[in-house]
Every structure is written in C-alpha cells, then in structure tokens.
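> Sequence and predicted structure are below.
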Amino acid sequence: MAKRYVVRSMRAVSCLLLLWWCSACTPEPDQAPAYLVGVWETHTEGYADQHMFIGQGRIGFGTSAVAADGYVITKVDESRDGGKTLFVLSYQDAAQAKFQLAFFYDPAGGGRITFKNQDHLTWTKKATST
C-alpha cells in the first residue's frame, strides 16, 4: 500500500514540475507604455474610417467601434532611429499566428504615430470624452 502511494506522489510531483517548466517557457505578454494606450485615428483619404486601438496588453484594428480584430501584444521594442522613437509591437492572434507593427511615435500635439512603411499616413490619439 505504501509503495503505491509513493508512486502516485512521484507522478503528481512530476506532473507539477512539467506544468511549471512548460509555463516558464511561455513568453509573458508585454505591455505598451501608457502614452500609447488609447484609440488612434487618421483623417488621411482612404483611411478615415479606420481606427487602431492600443491597450496595455492588446492591439486592435477596425473600421468602426464594434468591428475590430484584436490581438495579444507579446513584445514591445523601443529604440531610437534617426532621432525618432521607433516602436516594434509584436502580437499574435488566437491561433498564435505572429505579426509585427513598426511605427514612429512623436509625443507632440497629444501624440502621433506614423507607420514605418507608410510615412504619408499619420495617426493621432482620439480625445477621450468624459
């Protein structure tokens, strides 16, 4: 009887160690800085109905307040590029497909985002209404 108890205990401990090891290998979601958090919009022709939402741990893109695709931010890299602040947000969807968004951030005027590959397109933070 005691032998059976020891074997079960060892299995339980082994399972717990395996779960702990697997969770330690999973990357922790990263958080966006507070000044990036909010709804971003643009008035550029062809994009005026678009918006981008950045939360501390999520990012989303859509065409209305009710239609948006949401993703989990997995990593936030911030660096300097030619005197500008460059962010690269890594994110993934529910199926764990991975994506990246690179943009320059300028704090002037409440904040402006310009995608690295679309310098003609500027996004501004939507003013919050209270």
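In hand now; what should we look at?
> From Gly83, how far out is Gln118?
According to C-beta to C-beta, to the nearest Å, Gln118 stands 19 Å off from Gly83. For glycine as for every other residue, the C-beta is placed from the backbone atoms N, C-alpha and C.
> Between these two, point out the one with more neighbours.
Using other C-beta atoms under 10 Å as the criterion, Gln118 and Gly83 rank with Gln118 on top: 13 against 5.
> SS state for that one?
Here Gln118 is recorded as coil under DSSP: H, G, I helix; E, B strand; the rest coil.
> Next up, phi/psi of it, please.
Taking degrees, to the nearest 10, you get phi -140, psi 70 for the backbone angles of Gln118.
> Now stretch 79-98: buried residues?
The neighbour-count check on stretch 79-98 (16 or more other C-beta atoms under 10 Å) flags Phe87, Leu89, Ser90, Tyr91, Gln92 as buried.
> Does the second one touch Lys98 like I think?
No: shown here, Leu89 and Lys98 do not form a contact pair, counting by C-beta atoms under 8 Å, at 11.4 Å.
> where do the strands sit along the chain?
Remark: strands assigned in the chain by DSSP state E are 38-41, 51-54, 58-62, 68-81, 84-92, 98-106, 112-115, 122-125.
> As JSON lines, those with mean pLDDT would be great.
Listed next are the strands of the chain as JSON lines, based on pLDDT from 0 to 100:
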{"stretch": "strand 38-41", "mean pLDDT": "93"}
{"stretch": "strand 51-54", "mean pLDDT": "92"}
{"stretch": "strand 58-62", "mean pLDDT": "91"}
{"stretch": "strand 68-81", "mean pLDDT": "90"}
{"stretch": "strand 84-92", "mean pLDDT": "95"}
{"stretch": "strand 98-106", "mean pLDDT": "96"}
{"stretch": "strand 112-115", "mean pLDDT": "94"}
{"stretch": "strand 122-125", "mean pLDDT": "93"}
